[in-house]
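Participant: Build me a model from this:
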Amino acid sequence: MRIALVSLSVRGALGQYAEALVQSLSCREETHLFVPTHYNGVCGQAVLHTFQTGSARSRALLALLNPFSAWDVWRDICMIQPDVVHLLTGDGYPWALLWAAWAQRQGMPFIVTVHDPERHPGNNLWEILNAWLRHLVLGRVTGVHIHSPRFRELITAQGFKGDNIFVIPHGSLAQRFLKHCSDAASCKGAADGEPLALFFGRLETYKGLDLLAEAAFRLKGKIRFVIAGPGRLPPHLDSCFREHSDLFELHNRYLDDDEVAALFQRAAVCVLPYLQATQSSVPLISAAFGVPVVATAVGAFIDDVPRVGGILVRPNDTAALAQGIQDALGNVPRYPRELEFDILVNDFLKMYRYMMSAITIEDKV
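Facilitator: This next block holds a predicted model:
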């Protein structure tokens, strides 16, 4: 089998996801990875193909509006004669719409992974446009991969007309961080951690940072809070975190893998106070470090957090969040090794083979 794995967005966790999957896939089947030139990950045994979009978001947007550039990349994809094309990121980008139409015309299996079936509240105009384009793309693809069965009906409502919706859980990215542990004992996490609650991830409005701040003041004197990740904080939160340095430790930037590992090694609990969510790589990373998880009962967290032995609390409830943090201290999480990509890759290969056979049957009919 020859697989064309394509990622249009390779920053942050999306790039880490592509890197983890392509390494496992390329050990099993011939894999070609198509990514922008600013991709800085490894690709295992896959053949790497790069294309220019621009590292800045504005330049990338202009490039992705160019149909001639889209055709150039699609021509390169077709030249390898793939048995299946899997668009891993960028399901709502203009190029995705063109590629889905061209694949449909050529009878080529074209699968998209939808990471965010539900648009996050508070996002900018680009995200609104992205969600609108996704509807058009889903009407033309032959298969859809999602991470939770909770989003199956939503995918259908957004325009996907077929039955080929595949549920493969979000794989673990923990190994990239665990290798930076200073020693085996220091990776035990909550058992030896200081009383410190960690929020890790991109800082976005929908992630409930106001709720986190309120919970922190409720627990003042009992536990400190670390907020770590890139993004733009609202002025009132930025001032709050900086003025109350006795309670908050702020790292408002992109963190290298070794820095992330150091924070999880210090943490006693990981907190995800989201107001809305699809899924996240954080619960698995936290569990791998032995750090218990507290999260609001939204989106795929409803499945993902209990899977690692974490605690779910009512959304938008400061008192419940504060109590959940206290209850989680000292808990020992479960790390599901079956969600590592070396094992999950079997499900991806089954998905590809099914789509290949489905297309072949349609051709014969």
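Participant: the strands in the stretch 151-300 of the chain, which residues?
Facilitator: For the stretch 151-300 of the chain, the strands defined by DSSP state E, counting those that start in this stretch occupy 165-167, 196-200, 224-228, 248-251, 269-272, 293-296.
Participant: Make CSV out of those and add mean pLDDT.
Facilitator: Below are the strands of the stretch 151-300 of the chain laid out as CSV (pLDDT from 0 to 100):
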stretch, mean pLDDT
strand 165-167, 95
strand 196-200, 97
strand 224-228, 96
strand 248-251, 96
strand 269-272, 98
strand 293-296, 98
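Participant: Any chance of those in CSV with distance to residue 282 as columns?
Facilitator: For every residue, glycine as well, the C-beta is placed using N, CA and C. Shown next, in CSV, are those (distance: least, Cβ to Cβ, whole Å):
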stretch, distance to residue 282
strand 165-167, 20
strand 196-200, 6
strand 224-228, 11
strand 248-251, 15
strand 269-272, 6
strand 293-296, 8
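Participant: export those to a markdown table and tack on mean neighbour count?
Facilitator: Listed next are the strands of the stretch 151-300 of the chain as a markdown table, based on neighbours: other Cβ atoms under 10 Å:
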| stretch | mean neighbour count |
| --- | --- |
| strand 165-167 | 17 |
| strand 196-200 | 23 |
| strand 224-228 | 21 |
| strand 248-251 | 17 |
| strand 269-272 | 30 |
| strand 293-296 | 29 |
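Participant: Out of those, flag the one nearest residue 235.
Facilitator: Within the strands of the stretch 151-300 of the chain, the stretch nearest residue 235 is strand 248-251; the backing value is 13.6 Å (Cβ to Cβ).
Participant: Which strands or helices does that closest one pack on?
Facilitator: Judged by 3 or more Cβ pairs under 8 Å, 6 or more residues apart in numbering; DSSP states H and E, strand 248-251 is in contact with strand 224-228, helix 235-243.
Participant: ok, longest helix in the chain?
Facilitator: helix 341-364 (DSSP state H).
Participant: Quick one: name whatever helix or strand follows the host helix or strand of residue 305.
Facilitator: Per DSSP states H and E, residue 305 falls inside helix 301-307. Next helix or strand after helix 301-307 toward the C-terminus (DSSP H and E): strand 311-313.
Participant: which residues touch that next one?
Facilitator: Under the criterion Cβ atoms under 8 Å, 6 or more residues apart in numbering, residues 292-297, 301-302, 305-306, 320-321, 323-324, 327-328, 331 lie in contact with strand 311-313.
Participant: wait, what's in contact with residue 283?
Facilitator: So residue 283 contacts 270, 272, 293, 295, 301, 304, 305, 307, 308, 310 (Cβ under 8 Å, 6+ apart).
Participant: Tell me the one of those residues nearest residue 71?
Facilitator: For those, the residue nearest residue 71 by Cβ to Cβ is residue 304; the value is 38.7 Å.
Participant: tally of neighbours for residue 111?
Facilitator: Residues contacting residue 111 under the criterion other Cβ atoms under 10 Å number 22.
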